[in-house]
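Engineer: Model the following, please.
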Amino acid sequence: MTTIAHEVIKGLVKDVLQHPYAHDREWTIQGLGMLRTYFGPEVRLHVWDQRFAWCHTSRLHTHPWDFKSLIVAGKLRQHRYVEALAAEGFWGKAEPFIKETVHCGYEFKDDPQLVHLIECKEEVYVTGDWYGQRAKEIHDSMPENGTVTIVHRRFLADTETASIYRPAGQVRENAGARRATPEEVRRMTDYALNTWFKP
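Structural biologist: As a prediction, the model looks like this:
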């Protein structure tokens, strides 16, 4: 993406953040601290802020769809993980996790499994970067507070289920989305604007 194209997108997103309820826009918030709104069935705008998380379970998960994400403003670090056949293997030591299947909306199926995961090297993305993931890639995303991303999803045959991984012994928590309050929308969008959208 050219610098000019990114600046155009950033300007349009800035307008959305400054006028979050224009065009009857709806906002939801997810338990790990992600505010989101839709630009259509395939495209979502995310505003990240861990201070608004109400769920403190593991962030490791997969998706029911492939996606590409643009860092409109801010910075995101993440690790991908791979399942190992045993606790020790060719790639090194693997840590135990409980894998659970969830339906969209975070309705858990009753199928916990013990698996072992190996953490891959850290990835870092900053303003203007794109990154992508396949649906079944396990990852842990750690955006800095106020980071804004646009996600383009590519739907697959199974668009209803994903997996969540929590350390063995950690209590299960539901991080499903709910409607964001006007105060949450105002505080999260204001923080993003004041942190990442200043000249």
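
Engineer: could you give me the average pLDDT of stretch 93-105?
Structural biologist: For stretch 93-105, the mean per-residue pLDDT is 84.

Engineer: when you give positions from now on, start the count at 26
Structural biologist: With the count now opening at 26, the last piece we talked about shows up as stretch 118-130.

Engineer: Just the C-alphas of that stretch, formatted as CSV.
Structural biologist: The C-alpha coordinates for stretch 118-130 follow below in CSV (Å, rounded to 0.1, in the frame of the first residue of the first chain):
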residue,chain,number,x,y,z
LYS,A,118,9.7,-27.7,24.8
ALA,A,119,6.0,-27.3,24.4
GLU,A,120,3.6,-26.0,27.1
PRO,A,121,0.4,-27.7,28.1
PHE,A,122,-2.9,-25.9,27.2
ILE,A,123,-6.6,-26.8,27.3
LYS,A,124,-8.1,-26.5,23.8
GLU,A,125,-11.8,-25.8,23.6
THR,A,126,-14.1,-25.3,20.7
VAL,A,127,-16.4,-22.2,20.7
HIS,A,128,-19.3,-21.2,18.4
CYS,A,129,-19.4,-17.6,17.3
GLY,A,130,-20.6,-15.6,20.2
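
Engineer: ok, and for that stretch, which residues are buried?
Structural biologist: When burial is assessed from 16 or more other Cβ atoms under 10 Å, stretch 118-130 yields the following buried residues: 119, 122-127. Where C-beta positions appear, they are placed from N, C-alpha and C, glycine not excepted.

Engineer: show me where pLDDT drops low in the chain?
Structural biologist: Counting by pLDDT under 70, the ranges of the chain that qualify are 111-117, 130-131, 183.

Engineer: tell me which element the residue nearest to the spatial centre of the chain is part of?
Structural biologist: Taking Cα atoms, centre = their mean, the centroid of the chain lies closest to residue 166, which sits 6.2 Å from it. Using DSSP states H and E, residue 166 sits within strand 163-168.

Engineer: Any chance you could list what contacts that strand?
Structural biologist: With Cβ atoms under 8 Å, 6 or more residues apart in numbering as the test, strand 163-168 has contacts from 73, 83-87, 99-108, 142, 158, 174, 188, 190.
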